[in-house]
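S.K.: Let me see the structure of the following:
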Amino acid sequence: MNPKVVILDINSISTNLGKQFHRFLAKLERLCLKVERRAQADPANAKKQRFTLRSGKKGLFYPCCHPTSKEENTSSLTLSVILTSMGNITILQLSVLSWASVILGAGAFYTICVILYRLYLHPLSGHPGPLFAKVTDLHQLWHSYRGDRHLELWRLHQKYGPVVRFGPNSLSFNSNSSLKDVYGFKSNVRKAQFYDAFVHPAANTHNCRDRTLHARKRRVMAHAFSDSAIKEMERYILANVRTFCEGIGNGLRVGDSEKGDWTSPKCMSDWFSYLSMDILGDLCFGKAFHMLEREDNRFAIDLVSAAAYRHLICGTMPILDTLSLDRLLFPKLAAGRARYMAYSRAQLTERTRLGDETDRRDFFYHLLKARDPETGLGFSTPELWGESNLLIIAGSDTTSTALAATLFYLVRNPEALAKVVAEIRGRFNDVEEIRQGLALNGCTYLRACIDEAMRLSPSVGGIVPREVMAGGMTIDGVFVPEGTVVGVPHYAIHHNEAYFPEPFRFLPERWMAGSKLASGKMVGEMDVAIAQSAFCPFSVGPRGCIGKGLAYVEMSITLARTLWIYDVRRAVGVVDTAEGREGAEWGRNRRDEMQLIDTFTSLKEGVMVDFKKRQI
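M.R.: Below is the predicted model:
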């Protein structure tokens, strides 16, 4: 039997929803069956029936019958329902205007309800913070996109105090006790959903949210970062540092009879990036990338930066990653990340061919042989790729930023520069003596300079987010419910005057008990302990950076050898783009502070330095 068509004109469908609409559908179904029975009994008369639904006095819908002409256009103004011979509705078309009204009205109502809930009824509604941030994560997304997330969190704490609501479901804390509460070994937290955007091709020790799985991965990774493993890898570090030292001196070597004059200005943020990438290429993939020597190999630095930047954007608003909206909204970042993944995969494939049957004692060698002592499991190929990506992104950006920051502050603080140079040159008679060991570890002022530079310009300056688990927890005396995202922003706590007096001054002495500050104040053991309690450039607790020891070895060797070979000074006659600018926004206006772009790790530029071979 052919389907019968009945036209239903609706004057208003947007005034009654919920239960009323369900009742309407039930009545409509009964009506359809009634129409079918009539059509079967008298097909000719059925064509002359027109049914409309009008709003009843009590808000219910009821059917009415009216005669209609055969010629009337079946293209109704509002709703046409096509019924099959079985009485079922197969197509329901509502006018564009009516649907738009319903959708827009419902959307507006929902939005208003969400805003009111988040402002007044949400469990975090009592905490201070910007109005926009309380309502939506677009506040975070905007500052992540701008690259000033670390500064914005610092500004919020300056304005609102030690606890700030920086997202609808996010709290930022700025105290040493909260640092321990959030990141400590017994904290009732796990890594936040933020890290899901970092997972490709497999979870690694950085982005793994499962605590048990992370513990297994960390036990395996520990083999590659043991003291003995780092000692075996030192030769690769030294080889690249030698190339670096030759390059910044325009190729002159120690012992040349002609000392020459100051070099042309060198952009050290770039040079340290080349060095860090070459070292990590050697350690992770069995060969240096040769960025120190060849300009055509330096493209990978931009790929690494794009990958980190994309992770921050998508981690801040995870729906961008879930729906792959980053490809639409941030196509350059998405493309750069894709190119980096392809590049790292090619490097991994090449290194895999060597296997562990080689005399190279690099990361890959140790990771191939390493096994979890509890489970006996090692890493699969996707896991090896994931860990290699982590080492490249985390190791290159963070170490190069710390090196650049240390030199930035030293050339602007002549007294500190003179002290560290005297310490290094007084301890070593030859540059080749400078390698990891007791002598280098004894350069306490050098270590203090590195720590102070990382305090002022931390490589990871923003927040490292954690999600509170079932049962909630108390952070710095504040109860935080389950599901809340919490954290302590590194830049903010590193500039908290409660732990670091004169927080924007470069004062290496603050890390050395018994030292005398420029103000005449003596630094006591308690002062150092307080500073250490709020110092977190490598994070703290069970999720702290596993490569911390390697990073200090690399930084100490590089800076000690550089300052042993060369005299250095702030570049003459050039503008250093690493400096802040007077009149710039709050946080970017201090000339003697190295400015960073927050990409979860950091982008930097400038740090212009002149070099001259020392007189031996």
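
S.K.: Could you report the pLDDT at the spatially closest residue to Leu417 that is not a sequence neighbour?
M.R.: Spatial nearest neighbour of Leu417, excluding adjacent residues (CB to CB, 6 or more residues apart in numbering): Leu410 at 4.5 Å. C-beta here means a position set from N, CA and C on the backbone, and glycine is covered the same way. Looking at Leu410, its pLDDT is 99.

S.K.: do the same with Gln436
M.R.: pLDDT at Gln436 comes out at 94.

S.K.: Name all residues that make contact with it.
M.R.: 230-231, 234, 553, 556-557 (CB atoms under 8 Å, 6 or more residues apart in numbering).

S.K.: which one among those residues gets closest to Glu525?
M.R.: Proximity of those to Glu525, judged by CB to CB, is greatest for Ser556, which lies at 23.6 Å.

S.K.: can I assume Phe285 is in contact with Arg351?
M.R.: Yes: Phe285 lies in contact with Arg351 (CB atoms under 8 Å); the separation is 4.6 Å.

S.K.: Between the two, which contacts overlap?
M.R.: Phe364.

S.K.: before we move on, back to that, give me the number of residues near the residue nearest to Leu417?
M.R.: Burial of Leu410 is recorded as 25 neighbouring residues (other CB atoms under 10 Å).

S.K.: try the one 3 residues further on
M.R.: Using other CB under 10 Å, the number of residues around Asn413 comes to 19.

S.K.: Quick one: the helices in the stretch 151-300 of the chain, in order.
M.R.: For the stretch 151-300 of the chain, helices defined by DSSP state H, counting those that start in this stretch occupy the ranges 176-183, 211-221, 227-248, 268-285, 299-316.

S.K.: Same list (those helices) but as JSON lines, adding mean neighbour count, mean pLDDT and distance to Asp397.
M.R.: Formatted as JSON lines, the helices of the stretch 151-300 of the chain follow (neighbours: other CB atoms under 10 Å; pLDDT from 0 to 100; distance: least, CB to CB, whole Å):
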{"stretch": "helix 176-183", "mean neighbour count": "22", "mean pLDDT": "97", "distance to Asp397": "21"}
{"stretch": "helix 211-221", "mean neighbour count": "17", "mean pLDDT": "83", "distance to Asp397": "19"}
{"stretch": "helix 227-248", "mean neighbour count": "18", "mean pLDDT": "93", "distance to Asp397": "17"}
{"stretch": "helix 268-285", "mean neighbour count": "26", "mean pLDDT": "92", "distance to Asp397": "8"}
{"stretch": "helix 299-316", "mean neighbour count": "22", "mean pLDDT": "86", "distance to Asp397": "6"}
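
S.K.: between those helices, which one is nearest to Glu152?
M.R.: In terms of CB to CB, the element of the helices of the stretch 151-300 of the chain nearest to Glu152 is helix 299-316, at 11.9 Å.

S.K.: quick check: angle from the closest one to helix 268-285?
M.R.: 90 degrees (axes from the mean of the first three to the mean of the last three CA atoms, to 10 degrees).

S.K.: Could you give the separation of helix 299-316 from the chain centroid?
M.R.: 9 Å (CA atoms, centre = their mean, to the nearest Å).

S.K.: Report all helices and strands that the helix or strand following that helix contacts.
M.R.: Counting by DSSP states H and E, the next helix or strand C-terminal to helix 299-316 is helix 319-322. Helix 319-322 sits against helix 299-316, with contacts defined as 3 or more CB pairs under 8 Å, 6 or more residues apart in numbering; DSSP states H and E.

S.K.: mind giving me the domain split of this protein?
M.R.: The chain breaks down by automatic domain parsing into domains covering 4-100, 189-496+534-613.

S.K.: Among those domains, show the one with the smallest mean pLDDT.
M.R.: domain 4-100 (a mean of 45).

S.K.: Tell me if I'm right that the residue nearest to Leu417 and Arg569 touch.
M.R.: No: the criterion here is CB under 8 Å, and Leu410 misses it with Arg569 at 10.0 Å.

S.K.: what sits against Trp262?
M.R.: 569, 572, 610-612.

S.K.: and with 10 Å instead?
M.R.: 566-569, 571-572, 609-613 (CB atoms under 10 Å, 6 or more residues apart in numbering).

S.K.: From Leu323, how far out is the residue nearest to Ala192 when sequence neighbours are not counted?
M.R.: Nearest residue to Ala192 in three dimensions, chain neighbours excluded: Pro465, at 3.9 Å (CB to CB, 6+ apart). Pro465 sits 21 Å away from Leu323, going by CB to CB, to the nearest Å.

S.K.: More neighbours: the two, which one.
M.R.: With other CB under 10 Å as the criterion, Pro465 and Leu323 differ in neighbour count, and Pro465 comes out ahead with 20 against 10.

S.K.: contacting residues around Arg113?
M.R.: I think there's a mix-up here, since residue 113 is Cys and not Arg. Neighbouring residues of Cys113 by CB under 10 Å, 6+ apart: Leu121.

S.K.: now Ile319
M.R.: 137, 325.

S.K.: Output the longest helix belonging to this structure.
M.R.: helix 381-410 (DSSP state H).

S.K.: list the buried ones in that one?
M.R.: Neighbour-count burial for helix 381-410, counted by 16 or more other CB atoms under 10 Å, picks out 383-410.

S.K.: which of the residues in the very next helix or strand once past that helix are buried?
M.R.: If you walk from helix 381-410 toward the C-terminus, the next helix or strand you reach (DSSP H and E) is helix 414-427. Residues of helix 414-427 classed as buried: 416-417, 419-421, 423-424, 427 (neighbour count, 16+ other CB under 10 Å).

S.K.: Just give me the closest of these to Gly129.
M.R.: Ala416 (37.7 Å).

S.K.: circling back to that earlier point, got the contacts of Gln436 as CSV, with distance to Met522 columns?
M.R.: Output for the contacts of Gln436, formatted as CSV (distance: CB to CB, whole Å):
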residue, distance to Met522
Ile230, 36
Lys231, 37
Glu234, 37
Val553, 31
Ser556, 27
Ile557, 32
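
S.K.: For those residues, work out which two are farthest apart.
M.R.: Within those, Lys231 and Ser556 form the most distant pair, 14.2 Å apart (CB to CB).

S.K.: distance of Phe272 from Lys521?
M.R.: 33 Å.

S.K.: Among the domains of the chain, show me which one is buried the most.
M.R.: Highest mean neighbour count of the domains of the chain: domain 189-496+534-613, a mean of 19 (counted as mean count of other CB atoms under 10 Å).

S.K.: can you tell me which residues contact the nearest residue to Leu153 once chain neighbours are set aside?
M.R.: Nearest residue to Leu153 in three dimensions, chain neighbours excluded: Pro489, at 4.0 Å (CB to CB, 6+ apart). Contacts for Pro489 (CB under 10 Å, 6+ apart) come out as 149-154, 156-157, 164, 166, 172-174, 458, 460-464, 495, 536, 598.
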